[in-house]
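Undergrad: The sequence and its predicted three-dimensional model are supplied below.
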Amino acid sequence: MATSTASRLHLVSRIAAGTLGSYAFTWGFIALVVGTMFAAGMPFHDAEALSYILGFVVLLVAFLWAFCSASLLRVWLVLAGGGALMAGAASLVQKALL
């Protein structure tokens, strides 16, 4: 019974990492790319459209990687941690623009 509970918890955590973690990672990626491209001189709406297109690919890869990776801890660290770092960096870029 204990292994059944542990495997269910592992499965729920893997699904949460795949959905929530990949969303957070993609959100940070899009925010960072929009800010960086706009700072580099690209028109805002062009930077926004390009980052959304790239973000779709990033979301798909992050979602699939969350289920393929052997280490669930690594998945959470990369997706949630990377998303938080990119969102923080995007905030700094946007503050520098204003």
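TA: Thanks, I have the structure now.
Undergrad: where's Ala96 relative to Thr36, distance?
TA: Separation of Ala96 from Thr36 (C-beta to C-beta, to the nearest Å): 11 Å. From N, CA and C alone the C-beta is placed, and that goes for glycine too.
Undergrad: swap in His10?
TA: Applying C-beta to C-beta, the value for His10 to Thr36 is 36 Å.
Undergrad: Skipping adjacent residues, who's closest to the residue nearest to the spatial centre of the chain in space?
TA: Taking C-alpha atoms, centre = their mean, the centroid of the chain lies closest to Phe25, which sits 0.8 Å from it. Nearest non-adjacent residue to Phe25, counting by C-beta to C-beta, 6 or more residues apart in numbering: Gly83, 4.1 Å away.
Undergrad: Who has more neighbours out of Ala96 and Thr36?
TA: Per other C-beta atoms under 10 Å, whichever of Ala96 and Thr36 has more neighbours is Thr36, with 16 against 9.
Undergrad: The more buried one sits in which helix or strand?
TA: helix 22-39 (DSSP states H and E).
Undergrad: Please write out the alpha-carbon positions of that helix in PDB.
TA: C-alpha atoms of helix 22-39 as PDB (Å, rounded to 0.1, in the frame of the first residue of the first chain):
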ATOM      1  CA  SER A  22       6.400  24.200 -18.000                       C
ATOM      2  CA  TYR A  23       4.000  27.000 -17.900                       C
ATOM      3  CA  ALA A  24       6.100  29.000 -15.400                       C
ATOM      4  CA  PHE A  25       9.300  28.300 -17.400                       C
ATOM      5  CA  THR A  26       7.600  29.400 -20.700                       C
ATOM      6  CA  TRP A  27       6.100  32.500 -19.000                       C
ATOM      7  CA  GLY A  28       9.600  33.500 -17.800                       C
ATOM      8  CA  PHE A  29      11.100  32.800 -21.200                       C
ATOM      9  CA  ILE A  30       8.500  34.900 -23.000                       C
ATOM     10  CA  ALA A  31       8.800  37.800 -20.600                       C
ATOM     11  CA  LEU A  32      12.600  37.800 -20.900                       C
ATOM     12  CA  VAL A  33      12.600  37.500 -24.700                       C
ATOM     13  CA  VAL A  34      10.100  40.300 -25.200                       C
ATOM     14  CA  GLY A  35      12.000  42.600 -22.900                       C
ATOM     15  CA  THR A  36      15.400  41.800 -24.400                       C
ATOM     16  CA  MET A  37      14.300  42.100 -28.100                       C
ATOM     17  CA  PHE A  38      12.500  45.400 -27.300                       C
ATOM     18  CA  ALA A  39      15.600  46.700 -25.600                       C
END
